[in-house]
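**Q** what's the 3D shape of this:
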Amino acid sequence: LVPVLFALTASSAAAQVPSCTTNDPDVACTVEGAVRGVVEGEMLAFKGIPYARPPVGPLRWKPAEAAESWSGERDGSRFGAICPQIIAQEVRGDEDCLTLNVWRPRVKPAQPLPVMVWLTGGGNHSLSGQGSAGYGGVTYSGEKFVPEGVVFVSYNLRLGVLGFLAHPALDAERPERISGNYGSLDQVAMLRWLKQNIAAFGGDPNKVFLFGTSAGGGNICALMTSPLTRGLIHGVAMQSSVPSGCELQTLDDARNGTGVKVAAAVGCEMAADVAACMRGKSTAEIVSALPGTFTVLPRIYGPNVDGQIFPDQPLKLIVDGKYPPMPVIIGNTSEETMQWADSAGRVSDEASYAAALDKVFGAASRERILVEYPVKSYPTPRLAFMRVTTDAEFTCQSRRVARAISKTQREPVYRYIFTQAQENDPALKPAGVVHTVEHAFLFPGKYQPTEAETSIQRQMVGYWTRMARTGNPNGGNDPQWPASSLESDSYLEIGAATSARKGSVEAKCDFWDTVPFPQPHL
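**A** Residues are numbered from 1 along each chain as shown. Just a heads-up that it's a prediction; the model follows:
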């Protein structure tokens, strides 16, 4: 049985004719209309292009609909509005936010180029396609990638309660009796828009490579197994993104957890028409009803397994081979959870260390973990807890997913561990090699890398762009990156001395394969 939603959405991807013709090299003709780009160095940027109708008014908490056409030339020199989110304790952004941005070489290429699509992190409740204030501040542009022969894309999606609210009242509005996953449907709409339009920017619609960190990488794991994205994704890189091993919340959990809490918080739980009541609330009221969190677990907002958009847990679909095989990069930083080391309470001695383990992993697993990670083996109890949580929630989950993918497909899987801190900033260096620190090595920003870090930056950009172009990150003079497999467990350590390694004994991954993992949601 083909899901109704899939049938409807798939039909929107049928080939359409661009709405204009032009000989102006700075103008792209999309299906919806003409867009004039702006020169940025050796690139041409097209910003703020709508890929779906504004999800406002009655379209709040509805699947993304095709973008409306426009007449004349659209100005592509400015980003669109960010999607509503809480910044500095204030709700900012606009619900009319479903736009994307494209960077291509200044001179339009004679042959179509691979397309690299960046999926931002932010816990599915913050950030945008424009950039991040973290780690010195970065701008999500194609500055590092486009010179290597690709087209770069960033975009916005609905976030937080507007993007992922599931509730029985919203289920009742749809024949599939599902809700939530509106942000995921935005991502599907964006990919379908690229399929129709990216050729107008010099991109190859049959070479679309997704890469993203944190929630963005987690979303990639879900999207690559969704029936709605068949033929839209051709390779991926999941960075610092699988703290639950590519497992999502269930639809029931999303409804009965976040959904019920949000309806109550805005005073709609007893309304005759709960959905209408919630749609009547202002953007600020609804977004601030239940703010997202930046701790690793629990996660409040994100995709749910609804049986349609996401038919089952992504990892199960991977294990069962029910997804299109593709080249994969997967990995994480070496000290992922340093910034969250106090999220389970201040860890300062043996007792607080044990208490933190109890809170995160449960009493049944605590004693086993204490045997594997005795506090006396680490400089401080806090560092011991960081090592436990980084291994459990990132390094060993990356290995787990990499092994599952390697077992079910012939296309290669490449694992990495990033080990370079930001040495040239006295404020950032003490933080260590924390979650998403590699942003500063992939995107332009305020941080000024050392000469050695510039070399690491070149290596990383080279690996990622070659992966997008050929499905193999190797080439040039960079150290060889062997594919991972069940037999070799190979990975690339990316850092001051980038080199191939085998096994993850230091992360005790065989141990973590036997430990029940905590739920990734409320």
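**Q** Distance check, the residue nearest to residue 325 when sequence neighbours are not counted against residue 471.
**A** For residue 325, ignoring the flanking residues on the chain, the nearest one in space by CB to CB, 6 or more residues apart in numbering is residue 409 at 3.5 Å. In short, each C-beta sits where N, CA and C put it, glycine included. In this view, residue 409 and residue 471 are 12 Å apart by CB to CB, to the nearest Å.
**Q** Tell me which helix or strand in the chain has the weakest average pLDDT.
**A** helix 4-11 (a mean of 43; mean pLDDT, DSSP states H and E).
**Q** any idea which helix or strand comes after that helix?
**A** strand 27-29 (DSSP states H and E).
**Q** roughly how far is that next one from the heart of the chain?
**A** Relative to its parent chain, strand 27-29 has a centroid offset of 28 Å by CA atoms, centre = their mean, to the nearest Å.
**Q** Give the partner strands of it in its sheet and their orientations.
**A** Paired neighbours of strand 27-29 in the sheet (DSSP bridges): strand 34-36 (antiparallel).
**Q** Show residues contacting the partner strand.
**A** 19-20, 22, 24, 26-28, 46, 49, 72-77 (CB atoms under 8 Å, 6 or more residues apart in numbering).
**Q** Would you map the strands across the stretch 51-200 of the chain?
**A** 73-75, 85-87, 90-92, 99-105, 113-119, 131-132, 138-139, 151-155 (DSSP state E, counting those that start in this stretch).
**Q** so the last one versus strand 113-119, what angle?
**A** So the one you mean is strand 151-155. 20 degrees (axes from the mean of the first three to the mean of the last three CA atoms, to 10 degrees).
**Q** Who are the packing partners of strand 151-155?
**A** The contact analysis (3 or more CB pairs under 8 Å, 6 or more residues apart in numbering; DSSP states H and E) places strand 151-155 against strand 99-105, strand 113-119.
**Q** Next, the angle strand 151-155 makes with the first one.
**A** Right, strand 99-105. Using the same axes, to 10 degrees: strand 99-105 against strand 151-155 is 160 degrees.
**Q** Might you calculate how far strand 99-105 sits from the centre of the chain?
**A** With CA atoms, centre = their mean, you get 18 Å for strand 99-105.
**Q** What would that strand look like as PDB? C-alpha coordinates only.
**A** Output of strand 99-105 as PDB, limited to C-alpha atoms (Å, rounded to 0.1, in the frame of the first residue of the first chain):
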ATOM      1  CA  THR A  99      13.600  29.600   1.900                       C
ATOM      2  CA  LEU A 100      16.900  28.300   0.600                       C
ATOM      3  CA  ASN A 101      20.200  29.700  -0.500                       C
ATOM      4  CA  VAL A 102      22.400  28.600  -3.400                       C
ATOM      5  CA  TRP A 103      26.100  29.400  -4.100                       C
ATOM      6  CA  ARG A 104      27.700  28.400  -7.400                       C
ATOM      7  CA  PRO A 105      30.900  29.400  -9.200                       C
END
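**Q** list the residues that contact both of residue 409 and residue 471?
**A** Counting by CB under 8 Å, 6+ apart, the shared contacts of residue 409 and residue 471 are residue 326.
**Q** where exactly do the strands run in the stretch 301-450 of the chain?
**A** Using DSSP E, counting those that start in this stretch, strands in the stretch 301-450 of the chain cover 304-305, 328-333, 413-418.
**Q** just those strands: most buried one?
**A** strand 328-333 (a mean of 28; mean count of other CB atoms under 10 Å).
**Q** What ranges in the stretch 351-500 of the chain fall below the confidence cut-off?
**A** Nowhere does the stretch 351-500 of the chain drop to pLDDT under 70.
**Q** where exactly do the helices run in it?
**A** Assigned by DSSP state H, counting those that start in this stretch, the stretch 351-500 of the chain shows helices spanning 363-372, 381-390, 396-408, 439-442, 451-470.
**Q** Regarding the residue nearest to residue 199 when sequence neighbours are not counted, what is its secondary structure?
**A** Using CB to CB, 6+ apart and skipping residues adjacent in sequence, the residue nearest residue 199 is residue 205, 5.9 Å away. Secondary structure for residue 205, judged by DSSP: H, G, I helix; E, B strand; the rest coil, is strand.
**Q** what about residue 205, how many neighbours?
**A** Around residue 205 sit 18 other residues, with neighbours defined as other CB atoms under 10 Å.
**Q** For it, give me its contacts.
**A** 112, 115, 194-196, 198-199.
**Q** Pull up the per-residue confidence for residue 137.
**A** What the model reports for residue 137 is a pLDDT of 86.
**Q** hang on, the earlier thing: ok, the residue nearest to residue 325 to residue 235 distance?
**A** For residue 409, the distance to residue 235 equals 12 Å [CB to CB].
**Q** More neighbours: which of those two?
**A** A count of neighbours by other CB under 10 Å puts residue 235 above the other of residue 409 and residue 235, at 23 against 17.
**Q** pretty sure that one is touching residue 330, no?
**A** No - Residue 235 lies out of contact with residue 330 (CB atoms under 8 Å); the separation is 11.8 Å.
**Q** show me where pLDDT drops low in the stretch 151-300 of the chain?
**A** 244-245, 294-299.
**Q** Let me know the distance separating the residue nearest to residue 61 when sequence neighbours are not counted from residue 146.
**A** Using CB to CB, 6+ apart and skipping residues adjacent in sequence, the residue nearest residue 61 is residue 170, 5.4 Å away. Residue 170 sits 40 Å away from residue 146, going by CB to CB.
**Q** repeat for residue 436
**A** Residue 436 is 22 Å from residue 146, by CB to CB.
**Q** neighbour-wise, which of those two wins?
**A** Ranked by neighbour count (other CB under 10 Å), residue 436 and residue 146 place residue 436 first, with 27 against 24.
**Q** For the more buried one, give me its contacts.
**A** With CB under 8 Å, 6+ apart, residue 436 has these contacts: 121, 134-135, 213-214, 239-240, 333.
**Q** and the strands of the stretch 301-450 of the chain as TSV, adding distance to residue 462?
**A** TSV is the format used below for the strands of the stretch 301-450 of the chain (distance: least, CB to CB, whole Å):
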stretch	distance to residue 462
strand 304-305	37
strand 328-333	13
strand 413-418	13
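**Q** Could you pull up the contacting residues of residue 329?
**A** 211, 236-239, 413-416, 463-464, 467, 473.
**Q** Grab the nearest non-local neighbour of it.
**A** residue 237 (3.8 Å).
**Q** Quick check: beta-bridge partners of that neighbour?
**A** residue 211, residue 329.
**Q** sorry, back to before: next up, phi/psi of the residue nearest to residue 325, please.
**A** phi -140, psi 160 (degrees, to the nearest 10).
**Q** Residue 427: how many residues sit nearby?
**A** Residue 427, neighbours per other CB under 10 Å, totals 8.
**Q** do the same with residue 363
**A** 10.
**Q** so how far is residue 246 from it?
**A** Where residue 246 is concerned, residue 363 sits at a distance of 26 Å (CB to CB).
**Q** OK, contacts around residue 390?
**A** 332, 334-338.
**Q** if we go to 10 Å?
**A** 243, 296, 332-338, 340-341, 396, 433-435, 507 (CB atoms under 10 Å, 6 or more residues apart in numbering).
**Q** Which among those residues count as buried?
**A** 243, 296, 332-338, 340-341, 396, 433-435, 507 (16 or more other CB atoms under 10 Å).
**Q** Go ahead and confirm residue 374 touches residue 357.
**A** No - with contacts counted by CB atoms under 10 Å, residue 374 stays clear of residue 357, the gap being 11.7 Å.
**Q** who's more crowded, the two?
**A** Using other CB under 10 Å, the more surrounded residue of residue 374 and residue 357 is residue 357, with 26 against 12.
**Q** Good, we can wrap up now.
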